[in-house]
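**Student:** any chance you can model this:
(one chain, ligands or ions: 1)
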Amino acid sequence: MSTRPEQNPELKLVFDEPVQKKKAPKHLADLSPADRKAWAKELGLQPFRAAQVATHYFSHLSSNPEEWTDIPASERQTIAAALTPKLIELVTTRTTDNGMTRKDLWKLHDGVLVESVLMRYTDRVTVCISSQAGCGMNCPFCATGQAGLTRNLTAGEITEQIVAAARACVNGELPGGEARLSNIVFMGMGEPLANYNAVVRTLHNITDPNPDGLGISARSVTVSTVGLVNGIEKLMDEGINCTLAVSLHTPDDELRDSLVPINSRFKVREVLAAADAYEKKTGRRYSIEYALIRDINDQSWRADLLGRLLKSRNAHVNLIPLNPTPGSKWTASRREDEEAFVRILEGYGVPVTVRDTRGREIDGACGQLAAAEKSK
Ligand code: SAH
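**Tutor:** From the prediction side, this is the model:
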């Protein structure tokens, strides 16, 4: 048995969130439908206003209270401001791939910045969202990891990134006209399972049917984790059944201790056992993310070890060519090493894809993009 991180003083820094000076305004997306109703009552509103506002927010994606005609005109603005305060403000947008990939930079109420990336493909539209400002996991190849954790986002702040993306789709802001947001990946900034409650609330906001949530299928939602075993174990009992992606990056503990420092607490074997249990409980094949780093983790013997580890598991491997971070001595693997890696895994019958590198020109692909996408 491993020691859980919260019991381990050494890892305290990793999990401790710096004190937030001023809390983000409360939003209905922070609460369950029952709590939204109770909150409306507390605010002196009729409890059914909560469901009305949720309908405008999640079903109609309406940010204009003047359209909320089931609420008296004189009260619309006040009710909207109370239950759905604006939590994220657009700072900049950058696009690439002829506009099909777009990165939005958001400012939160306290000036903290986070990013989300919207990607249109022929058959789907995916948004990659942030669950934390910064990250405490300290993976040396990841840009976000270098800056450390600023703070957790609230469920409202995470949900707002998704609702903004859904609005951009229905408003026809991406080339190709009106679309529907179909996929959500927690592969932006942050370690989602280190912000567990807010992430689970967000997962309900995504998957609950209208008007309680956006009504997006859990199979189109991917939570990507460094492998926080306790978080994976908890998540499988939530009954949400979203897709799990595990950032493994190497099959051996020796190297993983440095590539993914939380491995000093949760070893490869334990992480895979938790992912297997998740797969068994939810029926969902999981993804293994593997950033290929030249001469670091791309040797044939590691491909061989990974193949042996995964051959009898219900897992899919996403190889991600490393996107070098500024100042890093590491770079992506040679083409021939990448090809050999793929062939070896295929030799074991392990499904494998090499991820596309969308959005690199806009720094959108600091590795935090849609890795699980191609396994669909
Ligand atoms: N904390 C979560 C989400 C991180 S972002 C996790 O670790 O899974 C999603 C993926 O991008 C992770 O697999 C992460 O390891 C990977 N990644 C981070 N930086 C990268 C880089 N510079 N190049 C390629 N992949 C990277």
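**Student:** quick one: is the helix or strand encompassing residue 342 near the ligand?
**Tutor:** Per DSSP states H and E, residue 342 falls inside helix 335-347. No. On the criterion C-beta under 6 Å from any ligand atom, helix 335-347 is out of touch with the ligand, staying 12.9 Å away. Every residue, glycine included, has its C-beta placed from N, CA and C.
**Student:** I'd like the distance from that helix to the chain centre, please.
**Tutor:** Centre-to-centre, helix 335-347 and its host chain are 28 Å apart (C-alpha atoms, centre = their mean, to the nearest Å).
**Student:** repeat that for stretch 104-121.
**Tutor:** Remark: stretch 104-121 is offset 13 Å from the chain centroid, using C-alpha atoms, centre = their mean.
**Student:** now swap in stretch 91-107 and tell me
**Tutor:** 17 Å.
**Student:** can you pull the buried residues of that stretch?
**Tutor:** Neighbour counts over stretch 91-107 (16 or more other C-beta atoms under 10 Å) mark 94, 95, 96, 97, 100, 101, 102, 103, 104, 106 as buried.
**Student:** my reading is that the first one lies in a helix. Confirm?
**Tutor:** No. Counting by DSSP: H, G, I helix; E, B strand; the rest coil, residue 94 is not part of a helix but strand.
**Student:** thought it was touching residue 116?
**Tutor:** No. At 11.9 Å, residue 94 does not count as touching residue 116 under the criterion of C-beta atoms under 8 Å.
**Student:** identify the contacts common to these two.
**Tutor:** residue 103 (C-beta atoms under 8 Å, 6 or more residues apart in numbering).
**Student:** re earlier: immediately after the helix holding residue 342, which helix or strand?
**Tutor:** Defined by DSSP H and E, the subsequent element after helix 335-347 is strand 352-354.
**Student:** mind listing the strands that following strand pairs with, and their directions?
**Tutor:** Under the criterion DSSP bridges, strand 352-354 sits next to strand 315-321 (parallel) in its sheet.
**Student:** is the ligand contacted by the strand it pairs with?
**Tutor:** Yes. Part of strand 315-321 sits near the ligand under the criterion C-beta under 6 Å from any ligand atom, namely residue 320.
**Student:** kindly export that strand (C-alpha atoms) in CSV.
**Tutor:** Taking C-alpha atoms only, strand 315-321 is exported to CSV below (Å, rounded to 0.1, in the frame of the first residue of the first chain):
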residue,chain,number,x,y,z
ALA,A,315,-5.7,0.6,-23.0
HIS,A,316,-4.8,2.7,-26.0
VAL,A,317,-1.5,4.5,-26.3
ASN,A,318,-1.4,8.1,-27.5
LEU,A,319,2.2,9.1,-28.4
ILE,A,320,2.7,12.8,-28.3
PRO,A,321,5.8,14.2,-30.0
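**Student:** and stretch 277-289, what's buried?
**Tutor:** Buried positions in stretch 277-289, judged by neighbour count with 16+ other C-beta under 10 Å: 278, 279, 282, 284, 286, 287, 288, 289.
**Student:** narrow the residues you listed to those in helices?
**Tutor:** Judged by DSSP state H, the subset of the buried residues of stretch 277-289 located in helices is 278, 279, 282.
**Student:** which one of these sits closest to the ligand?
**Tutor:** Using C-beta to the nearest ligand atom, residue 278 comes nearest to the ligand of these, at 14.1 Å.
**Student:** hmm, that closest one is touching residue 243, no?
**Tutor:** No. Using C-beta under 8 Å, residue 278 is not in contact with residue 243, being 9.7 Å away.
**Student:** between the two, what contacts are shared?
**Tutor:** 284, 286.
**Student:** can you report how many residues lie near the closest residue to residue 180 other than its chain neighbours?
**Tutor:** Nearest residue to residue 180 in three dimensions, chain neighbours excluded: residue 169, at 5.8 Å (C-beta to C-beta, 6 or more residues apart in numbering). Applying other C-beta atoms under 10 Å, we find 21 residues neighbouring residue 169.
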